[in-house]
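**Student:** got a predicted model here, sequence first, then my questions.
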Amino acid sequence: MHGCRHANDLPIPAPDATPPEELDGDNFTAVLPHEDDDAGTVYFRRLCMHCADPACVSACPVHALAKRDDGAVVYDRDLCIGCRYCFVACPFHVPTYTWTRTAPVVRKCFLCAHRLDAGQIPGCAAACPTGATVFGPRDVLLHLAREQIAAHPDRYVDHILGEHEAGGTDVLMIASIPFADLGIWTDVIERPLPELTWMVQEKIPYVIGTGGLLLGGLYWVINRRMRLGREGGEES
């Protein structure tokens, strides 16, 4: 977490501060403990998964979010209108908002895109002393993950988080317990979420058109009945 903070100019907490349990404007990643009956204390990270086909990018009406060729999902604060559709769209519940600022912005991990542009690796991977976090092309990371699982079947569950979830992500994880036991990422489907977004969006014009016709027809019927009622009253 400290590598992330230094790389992104985020506030450095006091040494005795309680580690954050949630992502927010000052925490792009969180390292959380989980107590397992068999494995003991297991640590896992939460951060933006950088989907290959990001739902947040698809949902943004002003293109403030974009997917780069190097895998990073980045954000342009000058384009953002604050609609926060990306919050609803993200299947991993990652984006946050700086509510305390006069001019709030969306905050999340951007895969240290500024470091990638400078030929460096993300701050978290650069700071990790054990190799638990590594950076590289997705196919290479998948190969490394499969090697680890095959070499240590007693240590890792045979599941690479992000290989298929949400259509695949550029952040991948392996763990010693099922990810479902962690209580997060349990509702993420394998299908790319933007496909579902477009399935809904492409029907909106028909829904609006049909609704307009129904309302117009209802208005005509009510108006005709009122006119006939007035004419009947005048004849009597």
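**Tutor:** Done, it's in.
**Student:** which element is residue 62 on?
**Tutor:** Using DSSP states H and E, residue 62 falls within no helix or strand.
**Student:** start at 3 instead
**Tutor:** All set: I'll call the first residue 3, so the last point we hit is now residue 64.
**Student:** was I right to think it contacts residue 79?
**Tutor:** No - between residue 64 and residue 79 there is no contact under C-beta atoms under 8 Å: 11.3 Å. Every residue, glycine included, has its C-beta placed from N, CA and C.
**Student:** how is this protein divided into domains?
**Tutor:** Per the record, the chain has its domains at 4-202, 205-237, by automatic domain parsing.
**Student:** please work out which of those domains is packed deepest.
**Tutor:** domain 4-202 (a mean of 16; mean count of other C-beta atoms under 10 Å).
**Student:** looks to me like residue 89 is in a strand.
**Tutor:** No - looking at residue 89 with DSSP: H, G, I helix; E, B strand; the rest coil, it is helix, so not inside a strand.
**Student:** quick one: mean pLDDT for stretch 160-172?
**Tutor:** Stretch 160-172 shows a mean pLDDT of 94.
**Student:** I meant stretch 134-145, not that one.
**Tutor:** Mean predicted lDDT for stretch 134-145 stands at 96.
**Student:** so which residues make contact with it?
**Tutor:** Applying C-beta atoms under 8 Å, 6 or more residues apart in numbering, the external contacts of stretch 134-145 come out as 47, 73, 123-124, 126-127, 130, 146, 162, 165, 170, 172, 174.
**Student:** lowest mean pLDDT across the domains of the chain, which one is that?
**Tutor:** Minimum mean pLDDT among the domains of the chain: domain 205-237, a mean of 59.
**Student:** excluding its backbone neighbours, what's nearest the residue nearest the centre of the chain?
**Tutor:** For the chain, the residue sitting closest to the mean C-alpha position, by C-alpha atoms, centre = their mean, is residue 92 at 3.4 Å. Excluding its sequence neighbours, the residue lying closest to residue 92 (C-beta to C-beta, 6 or more residues apart in numbering) is residue 58, at 5.2 Å.
**Student:** same question for residue 159.
**Tutor:** Nearest one to residue 159, counting by C-beta to C-beta, 6+ apart, is residue 180 at 5.5 Å.
**Student:** same check, this time on residue 124
**Tutor:** Among residues not flanking residue 124 along the chain, residue 114 sits closest, at 3.9 Å (C-beta to C-beta, 6+ apart).
**Student:** how much space separates the one you found from residue 14?
**Tutor:** 17 Å (C-beta to C-beta, to the nearest Å).
**Student:** and if you look at residue 37?
**Tutor:** 28 Å.
**Student:** can you tell me which residues contact residue 119?
**Tutor:** Neighbouring residues of residue 119 by C-beta under 8 Å, 6+ apart: there are none.
**Student:** which ones are touching residue 117?
**Tutor:** 9, 123, 124, 125, 128.
**Student:** nearest to residue 152 among these?
**Tutor:** Of all these, residue 152 sits closest to residue 123, with 25.4 Å by C-beta to C-beta.
**Student:** and the closest residue to the closest one other than its chain neighbours, what helix or strand is that in?
**Tutor:** Leaving aside its sequence neighbours, residue 123 sits nearest to residue 137 (C-beta to C-beta, 6+ apart; 4.3 Å). Following DSSP H and E, there is no helix or strand that holds residue 137.
**Student:** separation between residue 130 and residue 136?
**Tutor:** As judged by C-beta to C-beta, residue 130 and residue 136 stand 8 Å apart.
**Student:** sorry, back to before: wait, the residue nearest to residue 92 sits on residue 94?
**Tutor:** No - look at residue 58 against residue 94 with C-beta under 8 Å: they stay out of range, at 9.6 Å.
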